[in-house]
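In: Got a predicted structure here, sequence first:
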Amino acid sequence: MEIEKLVQTAESLENIMVRCFGPDGRQVLFVRDTGDILITKDGCRILESLLLEHPAARLMVQCVSAHCSLAGDGAKSFILLLAAMLRASRAEIGDGLPAYHGARRLWLARGLAKLVQEVLEPVLKRHLAPRCGSALCLSSGHPLLPREQAARVLAAYFGGKLSPSHTPFLTQLACDFLQRLGDGEMEPALNLAADCFPGLHVTVPGLPVGSSRVLEGLLLSRGFSLLCGQGETRVLVVDDSLLPPLTETGYTLQLESPAGLAEARDWARARAEEALAHLQALGVGLLLSGPRQPACVLELARRQGLSVVDCLPDEDLCLVRRLTGVGPLSRVAEARPADTVPAGFARPAPLGTHEQVLVGFLSCCGLRAHSLAVCAPAPGLAMQHRDAIHGAFKLLRFLLPRPGRHDRERKKLWMGDLEKGSERQGTRGLERESGKQGAGNLAKGGVRQETGNLERGSERQETGDLERESEIQGIEDLKIGSEIRGTRDFGQECEKQEMREPGKAGDLTEGRLGTDGKGGKHQQPGDQLAWREPWELSECELPAGRVLPPGGTFEFLMSHFLQREAESQQQPDVRAACRIVADALLNIPRHLHPRADRGRDFLQAHTNFAASLREQGVPAVVDGPLEVVAAKQCLLVSVIRCLRSLLAIDRVIAVRGKLGNKPLTGSEVSE
Amino acid sequence: MMSYIIPKMASLCSSGHLDSDVLCQVLSTLRGIVESCYGPFGRLKLIHNSVGGYIVTTSQSSALLGNLSVSHPVIKLIIASVLNHVSRFSDSGLFTAILCCNLTENAKRLNVPCSHIVKIHKHLLNICIDYLTSEECACRIQIDFSNSKTLLSLVRTVINKPTCMLTTKEADYISSLVLKGFFYTIPSVIGDNISLGKMLIVPIEGQGATDSCVLSGILIEIFASYSTTIDITKLTFGCIKIAVFSVSMSGDVVDSGNGTWEVASGFCPEDESLVQLLKVGRQLVCDHVQLVVCQKVVHPMLKQYLREQQVIVEDRLGVALMKPLIQLTGAQSISSYYHPIPPDCYGNVKNLCVVKFGSKRFLHLIPNESKPVCSLVLCNRTEAGVNELKLVCQSAECVMRLVIKEPLAVLGGGCTETHLATYVGHQLSNQPCGNISVPPERLVLSGTVIVNVVVQLKITT
């Protein structure tokens, strides 16, 4: 695949994107032959709606979708950056023989990989972080995200995604929702809202946008099959029918006479009656059920005054589990009081096009069930608002410290109390082992694998550089959130080895024995992430909650530092990569300014920036909208990854048959 | 058929603004269509397709806009929003469409950037809403529920659609029927959980509109002739026992599970079901049930048996009738026939009679005490007329429900619109800037445009 062709493809996508880029961007209108229309400003949606012929374009869109589903934002910037990077790479590769081209492209791809692994993090940490403001404030050891800061971040985000008239309202709405879902605080709710937003909202077409609001209670996607009272009650979740089926798979019902059949029916009904009597004894007033409950169970339940919601999808049951900590039960007769959950109310939801139920679970683990009703005049617009709000939660999540940080702080305190060095070493070993088990990475029995790792680890020790690289690789992967377990394990093992090195052989045995004895006990959620601990000590991580004013500040700064890095860099391939990325970053502010006098405004902004940098002025983050640096970093890494895969492709093969979603294809595409 | 299949093609992108001239032209066409339908003297539209077949005569916004096939995307957007509005509020779709077209058309004609227009419209909308919700609003009327005159005129406003081809007298009559029907749906006993009852609309074509009526209770259409063979006068007056089944009584074996059945030769599970059904039938006869209704199908053998025992059987009622039926009779729907029916499941009605409207015959269930369920029989000459009348009555009922929620109304006949336009104009001349960052002369300019739009509306009404 020629680089020229790649540039062309990316530029045609870029041409579409620039029109709706930035707060002054316009909307794009899609018309289908069937008559459907779509008006949107959301980059990801635009790209996914396009029917693209060129395979490279489809690959780009695939990368953008993957990035957006993770970060919730940045589709348009992605394409702008990618196009600019491809242009810069074309210049870097230059003219020459085709054979030379291929080698050169691979060389560049390697340089880009090294850039991500070695240069990006230190630059961010050392140069950029001091110039950022922080959106978090620390109170009693816990980082807090003040509402006002979150609102400023969201104002910038919605401005780029929706028409300006709804921005302030949706910002308010999203903040309100988070605060109420988290029972006053935003942080606990953020993860839930980002992961499970589809289950926490309802879209209501036909009402003005201003009618959107936060509803108290969890919205279930089905209506009441039986409604017998809406007051305070206890809730039980089941995933099986209360009426046992006459036969089950693998069993045979032998019938000789009509009486036998009647008997079997009577038996099943008696079981259902028993189950319902047990529920009544437990004080359960609302039954949530995964499968459909037969009419006969509903009739029995009505006599007992038990409300029933059945045919609930798995997502709803999962959500109930996350909100209350209670999972579905299959054998009702064995239900204990601990399996039931108190709820303030259960009533039909007031809005929505089809029947739904609102269950007011009481607050639990810092979460209080709330749902969001997203209203808009037309269904398409309501869906866009819904997606934008979902993306907002994903974006805000970047502000929070990544998992592991808390543990480190806590553990530092704890370890400070320990006196003896050897003891500490032992405990540390144990900690790590248990953490590993908690994360579910330990596949086989402890001892043998342990020694195996050790050997591998010591081999690595010989090449110190390699180990560092793998460590950084691990961090990067974590940040991107990709599930490359292997790399993670690898990094972890190396870390472990590093930590152990100063200790003696005896410590090692102690640690291992400790694991064998106690490993099973450390299954608490906090400990699950303990394995990340050593990385926290590394110097090259960006502190959480960093923000910058929008309008190209991040890009100017990053471009500036990367250019400086390029000058001081020893390796030629990394130097070329730095130049490419630094150059491409400027493409973003270039398109941020209004189209008519873009050139002049951009130069003006660049000059201003250079002036303020000379005076060492830290950008003011007193008021106005904000951008999340961690999200920008994630975007940059995603774009570079996409560019690397584009550069590494040398041939396009067209096949007939359908390309399935085989695991093999997936790995080929990603690298 | 082949012409509908279009090969998949790469997307075609064209840049640039939507063409103002073309847009203005299509907007004015749409406006022309909806404007001429609006108001008591509005005209009907005949919608057809060139292939032939079914045609639609209407002036209702939902029917009209739903059937239009348009190509311009902006018009599609407007129509989609209006239809969504109508699906939720059921009324004033034409008004919304006209206002929308006028605003867009006039905004396009002004030489003001779009982003400013959005801000200006938002500002003006806030002025209007603030005024309409404030106490000092002069065109607002508090609805007095003790006075049926206001309520009647409210219903009359909705009924007054040209499509139904009603004379003034007929429209008055239908309005009073709808209001009467609505009063029936208000429960007389107020408990903890107040919910309005149900007004079932039964459309009958071929009769004059004055044959319409409101009946307390439910009408069940009779298809077969045998029901009349039972002498209704023989039934005990005052308390007729009813059993309501929601389970299919066809005798099929259900809930058989995932496993296999091993059945001895000569024994058929369906027979066992039938035995059970007949057992239930015997119990019904013993319990002196006089009417059996079933949502689904009843086995012919059971039907035959019950009929011989002078029990009336009606099946295939459909799920829509079940809820009002249970509400009306106080029965509980029976969902299993494998077990004896508990006696508290039966409901009762005061009386049964067969009523005839046109060619259709109905079994009329008259409730014992006042239950919030009634049937509105709507007659009109043609099928289109009946459908139109049905839509109109439904939206009138919906309006009444909204009124109960919030008992406020505004003056009709264009008074409110004129008043509001004057108010907005006055506000703008007093404090043109407001708090938005738009050059003041532009604000005033588009403000007057809106005033003009609203005044125009008044003229058309």
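Out: Noted; the coordinates are in hand.
In: Buried residues of stretch B:211-226, list them for me.
Out: For stretch B:211-226, the neighbour count (16 or more other C-beta atoms under 10 Å in any protein chain shown) marks B:Ser212, B:Cys213, B:Val214, B:Leu215, B:Ser216, B:Gly217, B:Ile218, B:Leu219, B:Ile220, B:Ile222 as buried. Backbone N, C-alpha and C define where each C-beta goes, glycine included.
In: Just the residues you listed: which are in strands?
Out: B:Cys213, B:Val214, B:Leu215, B:Ser216, B:Ile218, B:Leu219, B:Ile220, B:Ile222 (DSSP state E).
In: how about low-confidence regions in the chain?
Out: No chain was given, so I picked chain A. Within chain A, the stretches with pLDDT under 70 are A:33-35, A:96, A:98, A:140-141, A:352-353, A:403-541, A:594-599, A:616-622, A:660-671.
In: sorry, should have said chain B
Out: Checking chain B against pLDDT under 70 turns up B:1-6, B:15-18, B:163, B:192-193, B:224-237, B:255-256, B:431-461.
In: Could you point out the helix or strand that follows the longest helix seen in it?
Out: Longest helix of chain B, by residue count under DSSP state H: helix B:383-405. As assigned by DSSP states H and E, the chain's next helix or strand after helix B:383-405 is strand B:408-410.
In: so how many other residues sit close to the closest residue to chain B within the stretch 251-400 of chain A?
Out: Nearest to chain B in the stretch 251-400 of chain A, going by C-beta to the nearest C-beta, is A:Ala295, at a distance of 3.2 Å. Neighbourhood size, A:Ala295 [other C-beta atoms under 10 Å in any protein chain shown]: 18.
In: Once you drop chain neighbours, what's closest to it?
Out: The shortest distance from A:Ala295 to any non-neighbouring residue, by C-beta to C-beta, 6 or more residues apart in numbering or on different chains, is to B:Ser335 (3.2 Å).
In: dump the residue contacts of the one you found.
Out: The neighbours of B:Ser335, taking C-beta atoms under 8 Å, 6 or more residues apart in numbering or on different chains as the test, are A:Ala295, A:Cys296, A:Leu298, A:Glu299, B:Phe245, B:Ser246, B:Val247.
In: Torsion angles phi and psi at it?
Out: phi -110, psi 10 (degrees, to the nearest 10).
In: Same check on A:Leu643?
Out: When read as degrees, to the nearest 10, the backbone of A:Leu643 gives phi -60, psi -40.
In: OK, contacts around it?
Out: Taking C-beta under 8 Å, 6+ apart as the criterion, A:Leu643 is in contact with A:Leu82, A:Met85, A:Leu86, A:Ser89, A:Ala109, A:Leu112.
In: any idea how far it is from chain B?
Out: Applying C-beta to the nearest C-beta, to the nearest Å, the value for A:Leu643 to chain B is 23 Å.
In: ditto for A:Ser163
Out: According to C-beta to the nearest C-beta, A:Ser163 and chain B sit 7 Å apart.
In: That residue contacts A:Lys41, doesn't it?
Out: Yes. Counting by C-beta atoms under 8 Å, A:Lys41 is a contact partner of A:Ser163 at 6.9 Å.
In: Now for the two: what residues contact both?
Out: Any residue near both A:Ser163 and A:Lys41 by C-beta under 8 Å, 6+ apart counts here, and that gives A:Gln27.
In: Neighbour count for these two, which is higher?
Out: The neighbour comparison of A:Ser163 against A:Lys41 (other C-beta under 10 Å) goes to A:Lys41, with 22 against 19.
In: Tell me if I'm right that that one and A:Phe30 touch.
Out: No. Checked against C-beta under 8 Å, the pair A:Lys41 and A:Phe30 is beyond contact range at 12.0 Å.
In: what helix or strand does the residue most central in space within chain A sit in?
Out: In chain A, the residue lying closest to the centroid (C-alpha atoms, centre = their mean) is A:Leu70, at 4.6 Å. Taking DSSP H and E as the definition, A:Leu70 sits inside helix A:55-71.
In: Quick one: distance of that helix to the chain centre.
Out: What separates the centre of helix A:55-71 from the centre of its chain is 15 Å, taken as C-alpha atoms, centre = their mean, to the nearest Å.
In: now stretch A:336-343
Out: For stretch A:336-343 - counting by C-alpha atoms, centre = their mean - the centre lies 31 Å from the chain centre.
In: Dump the contacts of B:Ser335 into a markdown table; add distance to B:Gly347 as well.
Out: As requested, those are exported to a markdown table (distance: C-beta to C-beta, whole Å):
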| residue | distance to B:Gly347 |
| --- | --- |
| A:Ala295 | 18 |
| A:Cys296 | 20 |
| A:Leu298 | 18 |
| A:Glu299 | 15 |
| B:Phe245 | 12 |
| B:Ser246 | 13 |
| B:Val247 | 16 |
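In: so which of those residues would you say is closest to B:Ile141?
Out: Within these, the smallest distance to B:Ile141 is 45.0 Å, found for B:Ser246 (C-beta to C-beta).
In: give the contact list for the closest one.
Out: A:Ala295, B:Cys294, B:Gln295, B:Lys296, B:Met322, B:Ser333, B:Ile334, B:Ser335.
In: at 10 Å what do you get?
Out: A:295, A:298-299, B:293-296, B:317, B:319, B:322, B:325-326, B:332-336 (C-beta atoms under 10 Å, 6 or more residues apart in numbering or on different chains).
In: swap in B:Ile55?
Out: Contacts of B:Ile55 (C-beta under 10 Å, 6+ apart): B:Leu46, B:Ile47, B:His48, B:Asn49, B:Asn67, B:Ala384.
In: rerun that using 6 Å as the cut-off
Out: B:His48 (C-beta atoms under 6 Å, 6 or more residues apart in numbering or on different chains).
In: Stretch B:408-427: which residues count as buried?
Out: Here stretch B:408-427 shows B:Ala409, B:Gly414, B:Thr416, B:Glu417, B:Thr418, B:His419, B:Leu420, B:Ala421, B:Tyr423, B:Val424, B:Gly425, B:Gln427 as buried, counting by 16+ other C-beta under 10 Å.
In: Could you give the separation of it from the chain centroid?
Out: That offset, for stretch B:408-427, works out to 29 Å (C-alpha atoms, centre = their mean).
In: ok so, going back, sort out for me which of the contacts of B:Ser246 are in helices.
Out: Checked against DSSP H, these include these in helices: A:Ala295, A:Leu298, A:Glu299, B:Val319, B:Met322, B:Leu325, B:Ile326.
In: Now a PyMOL select for only the buried ones of those residues.
Out: Buried members of these, defined by 16+ other C-beta under 10 Å, are picked up in PyMOL with:
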select buried, (chain A and resi 295+298+299) or (chain B and resi 322+325+326)
